[in-house]
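Student: got a predicted structure plus its sequence, pasted below:
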Amino acid sequence: MHYYFYHPYGFGGAGMFILWIILAALAVWLIVEAGRRSRGYRDNLSQQQKNTALDLLNQRYAKGEISKEEYQQKKKDILS
């Protein structure tokens with residue numbers, strides 16, 4: 001008699017199959033989560049860059065380096 005599905009640690013063939021399914025699901029979840037975090041990081045970085053550009057524009061306008069028309073046009077460009 002051969003025990004094809006015997007494993008010394010108590011897992012049979014079905015137990016190993018379930019273990020591999022769980023490991024595959026974990027790998028997929030980790031990849032998806034990494035993508036979500038990466039996308040969120042890029043969105044936050046983009047928002048920070050817009051705020052920084054707008055802050056610089058506000059400073060230039062406050063110092064009188066640019067006219068009101070130029071300020072409004074550049075602000076419109078930054079926010080779009």
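Tutor: Nice, thanks for sending it over.

Student: helix or strand right after the helix ranked longest in the chain?
Tutor: The residue-count maximum for a helix in the chain (DSSP state H) belongs to helix 13-63. Scanning forward in sequence from helix 13-63 by DSSP states H and E, the next helix or strand is helix 68-79.

Student: just the buried positions in that next one, please.
Tutor: Burial within helix 68-79, assessed by neighbour count using 16 or more other Cβ atoms under 10 Å, is assigned to 71, 74. For the C-beta atoms, the positions are set from N, CA and C on the backbone; glycine is no exception.

Student: with stretch 51-68 instead?
Tutor: 57, 61.

Student: right, and residue 71 touches residue 56 too?
Tutor: No: taking contacts as Cβ atoms under 8 Å, residue 71 lies outside contact range of residue 56: 11.5 Å.

Student: dump the residue contacts of residue 73.
Tutor: Contacts here follow Cβ atoms under 8 Å, 6 or more residues apart in numbering; on that basis residue 73 touches nothing.

Student: and residue 54, by the same measure?
Tutor: Neighbours of residue 54 in contact, by Cβ under 8 Å, 6+ apart: 75, 78-79.

Student: dump those residues to CSV, plus distance to residue 24 and pLDDT.
Tutor: Formatted as CSV, the contacts of residue 54 follow (distance: Cβ to Cβ, whole Å; pLDDT from 0 to 100):
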residue, distance to residue 24, pLDDT
75, 50, 91
78, 45, 85
79, 44, 84
